[in-house]
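Q: task: produce atomic coordinates for the following.
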Amino acid sequence: MNGPRFAAAVSVHPIPAHAVGEVAGEVLEAVGVGPDLAVVFVTPAHAGALEDVTNAVRAILRPSTLIGCAAESVIGDGREIEHGPAVALWAGHVGEAVPVRLSAVPGTTVVEGWPVDVGFEPSALLLLTDPFSFPIEALFEWLAEHHPGLSVLGGHASAARGPGGNRLAADERVLTDGAVGVLLGPDVDVQSVVSQGCRQIGQPYVVTRAERNVIYELGGRPAHERLMETARAGLSDAEIRMVNEGLFMGLVIDEHKLEFGPGDFLVRNVMGFDPDNGAIAVNDLVSVGTTAQFHVRDASTADEELRRLLQGHYVGRPEAALVFTCNGRGKRMFGKPHHDAAMVDDLLRVPAVGLFCQGEFGPVGGRNFVHGFTASIALLSGAGSASRKGR
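A: Numbering: from 1, shown residues only. All right, here's what the predicted structure looks like:
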């Protein structure tokens with residue numbers, strides 16, 4: 001095709017009809033009528049008008065598939081609109097793409113709705129979900145068995161604080177539960193950048209006693225005792241403050257490695273301690289034999305990691321990006337606006353939009369996980385212009 005394959009635009013106009021007219025007109029001028037995929041995000045101020053917004057996008061652009069949702073904040077044009085009205089629109093010529101509408105069987109964690117005959121080997125699944133009604137972990141388990149290696153990139157919608165409040169868009173429908181997404185085909189390469197924004201402290205230990213999400217022993221000693229050893233082993237005052245403000249546990253993904261560094265750990269929140277029995281609880285299941293290491297998170301570490309990943313984690317030249325960042329980042333983490341959006345814009349210079357999520361999806365070590373305080377970014381390019389690294 002002539003012209004760019006992808007385009008993106010954002011409007012902060014307070015009237016939804018005006019805002020969608022601005023973004024749809026700008027994207028139309030760049031990619032023309034009939035892109036294979038359109039993605040639209042709106043802030044809570046426009047959540048009630050999401051159906052009107054998506055209908056306008058469909059009427060103007062006539063995309064083959066459209067997905068979107070309302071979110072606490074949206075990203076576009078190198079900006080993060082954390083307060084006030086905004087509409088962000090992204091569209092591209094991605095080739096074959098199959099829409100996905102998933103839901104949970106009532107009263108269970110069984111997921112239904114997966115397309116029976118996709119017709120191609122998907123390069124990735126872009127997914128937006130309602131965190132109050134959709135069992136994302138069950139989907140990841142099912143995918144690991146039936147579609148191993150398929151990367152899932154996306155996140156939980158964040159416009160609501162309770163069931164029924166979120167808005168998801170799937171073509172002409174606006175939904176309040178489940179999940180919407182799109183399976184991308186072989187005409188587009190999708191690579192992932194997953195920045196968890198943490199760094200290791202102390203040394204790694206093998207989990208020698210654990211039950212579900214509670215770690216009792218690390219390297220044959222009480223877990224809490226290992227934490228105290230780490231704190232006494234030369235942590236700076238700044239690192240001790242980070243531990244007190246929020247401690248994390250990194251769980252090694254690939255135990256075959258001899259040394260572990262950034263990107264080798266699935267980072268999980270430490271939920272609490274019991275000094276009496278030495279236990280530490282984390283927000284994930286932990287198996288005996290897993291290698292674990294304490295982590296801390298701060299703005300400087302998050303900045304350095306995302307910058308490093310965007311400067312060389314992927315292969316080839318991305319043509320577009322979709323950014324799924326945590327609603328705990330933004331000004332809450334960095335103390336100033338636009339951090340993640342501006343870095344993507346500065347380092348990649350590609351059409352990009354995104355949203356603040358209530359949990360981000362992205363692969364680590366070849367497996368899909370739900371993350372927190374993470375920036376999970378889908379990088380798209382024409383088939384053949386990038387390898388499968390990072391998926």
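Q: residue ranges of the helices in the stretch 201-350 of the chain, please?
A: Taking DSSP state H, counting those that start in this stretch as the test, the helices found in the stretch 201-350 of the chain are 223-232, 237-245, 299-310, 330-334, 339-348.
Q: next, the buried residues of the shortest one.
A: I take that to be helix 330-334. Residues of helix 330-334 classed as buried under the neighbour-count rule (16 or more other C-beta atoms under 10 Å) are 330, 333-334. For the C-beta atoms, the positions are set from N, CA and C on the backbone; glycine is no exception.
Q: picking that back up, out of the helices of the stretch 201-350 of the chain, which comes closest to Ala30?
A: Checking these against Ala30 by C-beta to C-beta gives helix 339-348 as the closest, at 16.2 Å.
Q: circling back to that earlier point, winner for burial among the helices of the stretch 201-350 of the chain?
A: Between these, helix 339-348 has the highest mean count of neighbours, a mean of 20, where neighbours are mean count of other C-beta atoms under 10 Å.
Q: hmm, who's touching the longest helix along the chain?
A: Of all the segments assigned as helix in the chain under DSSP state H, the longest by residue count is helix 16-31. For helix 16-31, the surrounding residues in contact (C-beta atoms under 8 Å, 6 or more residues apart in numbering) are 3-13, 38, 42, 46, 49, 52-53, 56-57, 60-61, 85-93, 351.
Q: let's see 6 Å
A: Taking C-beta atoms under 6 Å, 6 or more residues apart in numbering as the criterion, the residues outside helix 16-31 that touch it are 4, 7, 9, 11, 13, 46, 49, 53, 56-57, 60-61, 87, 89, 91.
Q: in it, what counts as buried?
A: When burial is assessed from 16+ other C-beta under 10 Å, helix 16-31 yields the following buried residues: 16, 19-24, 26-28, 30-31.
Q: the helix or strand just after it versus helix 16-31: what angle between them?
A: Counting by DSSP states H and E, the element after helix 16-31 in chain order, helix or strand, is strand 37-42. Direction vectors for strand 37-42 and helix 16-31, defined by axes from the mean of the first three to the mean of the last three C-alpha atoms, to 10 degrees, enclose an angle of 150 degrees.
Q: direction included, what does strand 37-42 pair against?
A: Its sheet considered, strand 37-42 pairs with strand 65-70 (parallel), strand 87-92 (antiparallel) by DSSP bridges.
Q: so how far is that strand off the chain centroid?
A: The chain centre lies 16 Å from the centre of strand 37-42; the measure is C-alpha atoms, centre = their mean, to the nearest Å.
Q: also stretch 337-345?
A: On the basis of C-alpha atoms, centre = their mean, stretch 337-345 is displaced by 15 Å from the centre of the chain it belongs to.
Q: so what touches it?
A: Around stretch 337-345, the neighbours that count as contacts under C-beta under 6 Å, 6+ apart are 75, 78-80, 306, 321, 323, 325, 331, 352, 375.
Q: now, which of the residues you listed lie within strands?
A: Under the assignment DSSP state E, the contacts of stretch 337-345 contribute 75, 79-80, 321, 323, 325, 352, 375 to strands.
Q: save these as a markdown table, and put in pLDDT and neighbour count too.
A: Formatted as a markdown table, the entries for the ones in strands among the contacts of stretch 337-345 read as follows, by pLDDT from 0 to 100; neighbours: other C-beta atoms under 10 Å:
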| residue | pLDDT | neighbour count |
| --- | --- | --- |
| Ile75 | 97 | 33 |
| Arg79 | 97 | 17 |
| Glu80 | 97 | 24 |
| Ala321 | 97 | 24 |
| Val323 | 98 | 29 |
| Thr325 | 97 | 28 |
| Ala352 | 98 | 27 |
| Ala375 | 96 | 29 |
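Q: next, give me the two most distant ones among those residues.
A: When the ones in strands among the contacts of stretch 337-345 are compared pair by pair using C-beta to C-beta, the two farthest from each other are Arg79 and Ala375, 15.2 Å apart.
Q: mind saving the C-alpha coords of the helix-or-strand element of the chain with minimal mean pLDDT as CSV?
A: Of all the helices and strands that make up the chain, the one with the lowest confidence by mean pLDDT, DSSP states H and E is helix 237-245; it has a mean of 81. Backbone C-alpha positions of helix 237-245 (Å, rounded to 0.1, in the frame of the first residue of the first chain) are rendered in CSV as follows:
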residue,chain,number,x,y,z
ASP,A,237,19.5,4.3,53.4
ALA,A,238,17.6,5.0,50.1
GLU,A,239,17.2,1.2,49.5
ILE,A,240,15.9,0.7,53.1
ARG,A,241,13.3,3.4,52.5
MET,A,242,12.3,1.6,49.3
VAL,A,243,11.9,-1.7,51.3
ASN,A,244,9.7,0.1,53.8
GLU,A,245,7.6,1.8,51.2
